[in-house]
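Peer 1: Mind folding the following:
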Amino acid sequence: MTTGADREAIERWFVRRGVPHFIADYQATTNVWTRAFPALVVLFVVGIAAELGLESEFGAGVSALLVAGAIIGVLALLVGVNHVLGRGLFERPDHVGPVELALFVGVPVAVAIVVERSVTGALGTIAFGLAALVVVYVATSYGVVSISRFVLGRLGVQLRLLGSITSRAVPLLLLITVAVFLTSETWQMMSRLAGVSFVATLLVFVIAGGGFLLTRAPGDIAAIEQFDDWPSVRPFLTETPADAVVLPEHGDPSEPPLNRGQRTNMLVLALTTQAVQITVVSSVVWAFFVLLGLVAVHPDTVTAWVGSEPDVLFEFSLGASTFALTEQLLRVAAFLAAFSGLAFTVYLVTDQTYREEFRIDVADELRQIFAVRLAYIVLDADAEPEGAD
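Peer 2: Residues are numbered from 1 along each chain as shown. Have a look, this model is predicted:
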């Protein structure tokens, strides 16, 4: 017989796996903002400290101590309130709604008006507060931290899978990119890009790669979402909080279709897994070209290619040879790494062998989430008659 504690344990398991939207009646006021409350407290105190200009008045070191003290004071106040209300000392509020969020934005705005006496400064504070709320909401609602922790915890598995993939894809990528690396036009273009234009150039490759992944991910998820019968669900519940849930013995598992938030949650999880693989490959390509440029591209060669003296970050001598790491080399290596990441993404999306390997590697993890969701729905259905009584 399952208990109410089983439901809470399964919900915590969903949060740890980075799919909090699988929780029934998932709401911002009770599920999202309450989990984000510690981050909101820190941002609130830091925002007020910035408006008061503590760093300019007391210096960075004293300012940091004052902010830390303020955070500790706010937390102590919350502990006192929890004690008075009979809750756990470090228990988060049960509800964080419009009033609390309005205070998060409004109090720093009031401080800005008093200190700066400027409408422009107040508008900037409002924009920053609203932007902070959006970032915190998205990161918390879709379990970005939990997803990152879950995916990074499986990095060893990802690297083993990459061994077979990179042995086919990376050699071809290097053949193409080495030719581009050794052309003066590439160095000239990268030497003229700086700041926002350089970052924007790299983002073009990242956004294009994300678009390619989005074309395939929904189909991959749909392929592993369904179960043929209840006995095929049971093995996936082993070592999860849903293992004690009594499943039907007969019939086909039927579950409500994923809503928009749940489907987005699964997309983010699947895409993050592939993004880690692509990032590893891009990092390998970047390191290769930094090493190649360090030993093969002399600063005089860079000068001849770009028409000006390179910015040498550091150099060393080995025998009669001098090796220099230049800013231009790092830019060219980053450009080729981003290009390789896009090319590798296209390969991952189109190569059928990899797609099968991805399903074998990731499908069990995602399929387990769907199996636990089925058990969670069964648990809720069993609890309904009890609630009716």
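Peer 1: can you pull out the helices in the stretch 151-300 of the chain?
Peer 2: Here the stretch 151-300 of the chain has its helices, by DSSP state H, counting those that start in this stretch, at 155-181, 184-192, 196-225, 260-296, 299-306.
Peer 1: Which among the ones you listed is found nearest to residue 381?
Peer 2: Of all these, helix 260-296 sits nearest to residue 381, with 17.8 Å by Cβ to Cβ. Yep, even glycine has a C-beta here, placed from its N, CA and C like the rest.
Peer 1: quick one: buried residues of that closest one?
Peer 2: Of the residues in helix 260-296, 262-263, 265-278, 280-282, 284-286, 288-290, 292-294 count as buried by neighbour count, 16 or more other Cβ atoms under 10 Å.
Peer 1: Return the list of helices and strands in contact with that helix.
Peer 2: Under the contact criterion of 3 or more Cβ pairs under 8 Å, 6 or more residues apart in numbering; DSSP states H and E, helix 260-296 touches helix 144-153, helix 155-181, helix 196-225, strand 321-326, helix 327-350, helix 352-388.
Peer 1: okay if I get the ones you listed as JSON lines plus mean pLDDT, distance to residue 187 and mean neighbour count?
Peer 2: Listed next are the helices and strands packed on helix 260-296 as JSON lines, based on pLDDT from 0 to 100; distance: least, Cβ to Cβ, whole Å; neighbours: other Cβ atoms under 10 Å:
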{"stretch": "helix 144-153", "mean pLDDT": "73", "distance to residue 187": "35", "mean neighbour count": "16"}
{"stretch": "helix 155-181", "mean pLDDT": "71", "distance to residue 187": "9", "mean neighbour count": "15"}
{"stretch": "helix 196-225", "mean pLDDT": "85", "distance to residue 187": "13", "mean neighbour count": "14"}
{"stretch": "strand 321-326", "mean pLDDT": "82", "distance to residue 187": "10", "mean neighbour count": "16"}
{"stretch": "helix 327-350", "mean pLDDT": "88", "distance to residue 187": "6", "mean neighbour count": "21"}
{"stretch": "helix 352-388", "mean pLDDT": "71", "distance to residue 187": "33", "mean neighbour count": "16"}
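Peer 1: quick one: which of those is nearest residue 127?
Peer 2: helix 196-225 (19.2 Å).
Peer 1: Could you list every helix and strand in contact with that closest one?
Peer 2: Counting by 3+ Cβ pairs under 8 Å, 6+ apart, the packing neighbours recorded for helix 196-225 are helix 260-296, helix 327-350, helix 352-388.
Peer 1: can you do 10 Å?
Peer 2: helix 184-192, helix 260-296, helix 327-350, helix 352-388 (3 or more Cβ pairs under 10 Å, 6 or more residues apart in numbering; DSSP states H and E).
Peer 1: Those: which one's closest to residue 98?
Peer 2: Closest approach to residue 98 among these (Cβ to Cβ): helix 260-296, 20.2 Å.
Peer 1: Give me the pLDDT for residue 12.
Peer 2: Looking at residue 12, its pLDDT is 86.
Peer 1: Distance of residue 246 relative to residue 381?
Peer 2: The gap separating residue 246 from residue 381 is 11 Å, by Cβ to Cβ, to the nearest Å.
Peer 1: And residue 142, by the same measure?
Peer 2: Counting by Cβ to Cβ, the gap from residue 142 to residue 381 is 26 Å.
Peer 1: just residue 101 next, same as before
Peer 2: 34 Å.
Peer 1: likewise residue 311?
Peer 2: 66 Å.
Peer 1: and residue 313, which of the three is it?
Peer 2: Of the three states, residue 313 takes strand under DSSP: H, G, I helix; E, B strand; the rest coil.
Peer 1: In this structure it contacts residue 326, no?
Peer 2: Yes - because the distance of 6.5 Å satisfies Cβ atoms under 10 Å, residue 313 is recorded as touching residue 326.
Peer 1: Neighbours of residue 38, how many?
Peer 2: 14 (other Cβ atoms under 10 Å).
Peer 1: ugh, wrong one, I meant residue 143
Peer 2: With other Cβ under 10 Å as criterion, residue 143 counts 24.
Peer 1: Leaving out sequence neighbours, find the closest residue to it.
Peer 2: Spatially, and ignoring its direct neighbours in sequence, residue 143 is nearest to residue 18 (3.8 Å; Cβ to Cβ, 6 or more residues apart in numbering).
Peer 1: Report pLDDT for the one you found.
Peer 2: For residue 18, the model assigns a pLDDT of 83.
Peer 1: and it, that's in a strand?
Peer 2: No - the assignment for residue 18, made by three-state DSSP, is coil rather than a strand.
Peer 1: How many residues are close by residue 41?
Peer 2: Residue 41: 17 surrounding residues under other Cβ under 10 Å.
Peer 1: Okay, and it sits in which element?
Peer 2: For residue 41, the host element (DSSP states H and E) is helix 37-52.
Peer 1: pLDDT on that helix, on average?
Peer 2: Averaging pLDDT along helix 37-52 yields 76.
Peer 1: helices and strands around that helix, which ones?
Peer 2: Where contact means 3+ Cβ pairs under 10 Å, 6+ apart, helix 37-52 is packed against helix 54-58, helix 60-85, helix 98-116, helix 119-141.
Peer 1: Including mean neighbour count, could these go into CSV?
Peer 2: Formatted as CSV, the helices and strands packed on helix 37-52 follow (neighbours: other Cβ atoms under 10 Å):
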stretch, mean neighbour count
helix 54-58, 14
helix 60-85, 13
helix 98-116, 16
helix 119-141, 15
